[in-house]
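Q: dropping the sequence and predicted coords here.
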Amino acid sequence: MKILAVGLHQYSVEHLQCRYMVDDAEDGEDALSILRYNNYDACVAQMGFTGKMFPFHVRSSGSKIPLIMLTSKKHDVRAGLVNNGADLCLKSPGWHDELIAGINACIRRSKGYTSKILDFGGLVVDIDEQHITVSGNEVHLTKSEYTVLEAIAINSPTLASKNYLYDCLYLVDSPVNRKIVDVFVCKLRRKIKEHTDFEHISTSWGRGYTLCSSKEEIND
């Protein structure tokens, strides 16, 4: 998954990069400009670099992006940020595992999921633990393979486009060929089919992928 970090300390950015593809914005104005032309799964912003009205401006632009605000201010300020449009406000500095749990929860709910466990007819994705099983068997994936499968899963039944999947893996100016997404999907299909009689991944040719719970869904 891909997030936009606004005004976060470099240490925090590096910690998030262990879990997500992260783009940086210097301040609220920079973030609003980036959000206007780019898609992210969530935005995490330090209030000291955006101002109290940043959530209001994000929502006024029409964006429904999951928005997590961080601040060292007291509860009344945190409540105000939520009232202005933030989905979650956490005290800063705080624990990184709490931040990651909050990001994951906000993203899941924005995609229509209420649980961290996503079950596609025996293919089970645990978003928080980054754990995959198929028919009860653990599937060992590389970091890139997991990133692709998670991104397809969290967006299903909506199509995860090839461009979106590439952006979850690499920075905008990366020299890596975009066809690498197809390579990872092929590897995923092979590993999934070691434990079941169908591959779960449905292809919309030239566009992207979704996860299915049955053969009938793929055939449709």
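A: That came through, no problem. Please read all numbers here as calculations on a predicted model, not as lab measurements. Residues are numbered from 1 along each chain as shown.
Q: make it CA atoms for all contacts and neighbour counts henceforth
A: Fine.
Q: Thr147 reaches Tyr166, doesn't it?
A: No - assessed by C-alpha atoms under 8 Å, Thr147 is found out of contact with Tyr166, at 9.9 Å.
Q: now do the buried residues in the lengthiest helix in the chain.
A: In the chain, assigned by DSSP state H, the helix with the most residues is helix 96-110. Along helix 96-110, these residues count as buried under the neighbour rule (16 or more other C-alpha atoms under 10 Å): 99-100, 102-108, 110.
Q: check which helices and strands the helix or strand following that helix is in contact with.
A: As assigned by DSSP states H and E, the chain's next helix or strand after helix 96-110 is strand 117-120. Here strand 117-120 touches strand 123-126, going by 3 or more C-alpha pairs under 8 Å, 6 or more residues apart in numbering; DSSP states H and E.
Q: give me the contacts around the strand it packs on.
A: Here strand 123-126 makes contact (C-alpha atoms under 8 Å, 6 or more residues apart in numbering) with 116-119, 131-135, 150, 153, 200, 213.
Q: now it: buried residues?
A: Applying a neighbour-count criterion of 16+ other C-alpha under 10 Å, one finds 123-125 buried in strand 123-126.
Q: neighbouring strands - and their directions - for the next helix or strand after it?
A: The first helix or strand that comes after strand 123-126 along the chain, using DSSP H and E, is strand 131-134. In the sheet, strand 131-134 lines up against strand 123-126 (antiparallel), strand 137-138 (antiparallel) (DSSP bridges).
Q: quick one: which of those strands is nearest Ala45?
A: Ranking these by distance to Ala45, with C-alpha to C-alpha as the measure, places strand 123-126 first at 25.8 Å.
Q: the chain: helices as residue ranges?
A: Using DSSP H, helices in the chain cover 10-17, 28-37, 47-50, 54-60, 75-83, 96-110, 143-155, 162-169, 180-192, 215-219.
Q: include mean pLDDT when you put those helices into CSV, please.
A: Shown next, in CSV, are those (pLDDT from 0 to 100):
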stretch, mean pLDDT
helix 10-17, 87
helix 28-37, 91
helix 47-50, 90
helix 54-60, 94
helix 75-83, 90
helix 96-110, 91
helix 143-155, 93
helix 162-169, 90
helix 180-192, 92
helix 215-219, 62
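Q: could you dump those helices to CSV with distance to Cys89?
A: As requested, the helices of the chain are exported to CSV (distance: least, C-alpha to C-alpha, whole Å):
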stretch, distance to Cys89
helix 10-17, 16
helix 28-37, 16
helix 47-50, 10
helix 54-60, 11
helix 75-83, 6
helix 96-110, 9
helix 143-155, 23
helix 162-169, 24
helix 180-192, 34
helix 215-219, 39
